[in-house]
Every structure is written in C-alpha cells, then in structure tokens.
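*Asks:* could you look at this predicted model? Sequence included:
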Amino acid sequence: KSAHTTDTSRRVEDMYVNIEFLINERRYPEAITESKRILESDRESIRAKRYYNKAVSLINTRTKMLEDADNSFEQGDYRLAEIYYTNALQFLDDPEREVINASIQVVRQKGPLERKRKRITNFVTSAIVIIILGVMVYLGYYYIVMKEDRDYAAIEKEDNFDDVRIMEMQLSEYQRFILKYRNGDYYDKAADKVSLIPGIRADSLSDSD
C-alpha cells in the first residue's frame, strides 16, 4: 500500500511538473485539462486549483487581447491593433505566434496606407468645406451686398427715352428706388434720372403736339 501511495504521489507530482511546463509553453487549454484530471481524484488540491485558475486567467487575458486587436483592425485603427497583437504574443504558443506575427505584418502594411487615405480624405473634406464657404460668401455678397447694384441695374436696363409710357413707368421705379436706398451708392444717379425724365417726357409731348 505504501508503495502504491508513493507511486501515486510521484505520478501526481509529475503531473504538476507537466502543468507548469504547459503553462510556461503557453499551452493553457492542455494545462487546464491536466489540472482537472488531478482535481477529479483530489478535489481539495490547492496546487491543482492554483494551476487551474492561473491557466484560465491567462487564457482569458489572451482572448481579450486578441478580441481587442481584431476589433481595432475591423475599425481601421491599425496602430492600436498592432499594439494589442504585439502584447498578445507573450500569451501565445509557437503555432499561434506564427499566425499573429503574420497579422502584425498585415497591420504594419495597412497602417501607412490608411494614414495616406485619411490624409487624402481630410484634404478633400477641407477642400469641399472651403468651396462651400466660398459659395456662401459669394451668394451672400451677391444677394445682400450687391442688392442695390442689382436693383439699379434692373431699372436702368428698361430705360427708353423714346416711349413716353415707359418713361412714366421708369420715373416711378426710380422714385421708389430713392425711397428705398436713401443712403445708397446709386442714390445720386437715381435722383438724376428722376430729374431728367420729366424734362425728356415734356420735350417728347411738345414735339408730338
């Protein structure tokens, strides 16, 4: 019986050594399985529980880092994705490290391209904003600042000193213009037309008589 107990203890000790080796090799699922084997025969084994909890904690940390890296990659944040992938390497076994190293290379290639794309996007966006602002300034200048110019030009365009009826209409238009733009740049010109048109109209009427 004593020999059997000794063999069992030695076998369990070998399992502990193997679990520690598996954890050091970052083979956490295997370490968890091995810890469970010990706990099946000795549910109170503190050492087995400690190894089990350590392996579970490490695998959870690894999973979280890889999830964060994948999410950052999908969102186009390649700099952050590279940081997460690089930090996760310390929790990966050799085959997994090969896969993640390949992912890191992809991220490093995409990073400069993404930064270039963002610079172009920002440039185009800025150019569009500048164009929109320019159009708004022009429209504001045209419809607000130049309103008097446009109103005067619209009236003057209809001048016809050979048609008495049109002259009467123009006289009214210039009079309304003077009332609207008392301090305007075209006030004097409009006032001159108001003074000029009655004389021309009178000459036309006398000629017709």
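*Replies:* Nice, thanks for sending it over.
*Asks:* so what's Gly134 up against?
*Replies:* Remark: with contacts taken as C-beta atoms under 8 Å, 6 or more residues apart in numbering, Gly134 is in contact with nothing. Heads up, the C-betas are built off the backbone N, CA and C, glycines and all.
*Asks:* tell me the phi and psi of it?
*Replies:* Here the main-chain torsion angles of Gly134 (degrees, to the nearest 10) amount to phi -60, psi -40.
*Asks:* now the helices for the protein?
*Replies:* In order along the chain, the chain carries the following helices (DSSP state H): 2-24, 28-41, 46-74, 78-88, 94-140, 147-156, 164-180, 187-208.
*Asks:* so where is the chain shaky, pLDDT-wise?
*Replies:* Residues of the chain meeting the criterion pLDDT under 70: 1-6, 114, 204-209.
*Asks:* please identify the most buried of the helices of the chain.
*Replies:* Here the criterion is mean neighbour count by mean count of other C-beta atoms under 10 Å, and of those the winner is helix 78-88, at a mean of 19.
*Asks:* what does it rub up against?
*Replies:* Here helix 78-88 makes contact (C-beta under 8 Å, 6+ apart) with 62, 65-66, 68-70, 72-73, 100, 103-104, 107-108, 110-111, 114.
*Asks:* that one vs helix 46-74, what angle?
*Replies:* On the basis of axes from the mean of the first three to the mean of the last three C-alpha atoms, to 10 degrees, helix 78-88 is oriented at 160 degrees to helix 46-74.
*Asks:* spatially nearest residue to Tyr152 (excluding sequence neighbours)?
*Replies:* Counting by C-beta to C-beta, 6 or more residues apart in numbering, the nearest residue to Tyr152 once its immediate chain neighbours are dropped is Tyr186, at 4.3 Å.
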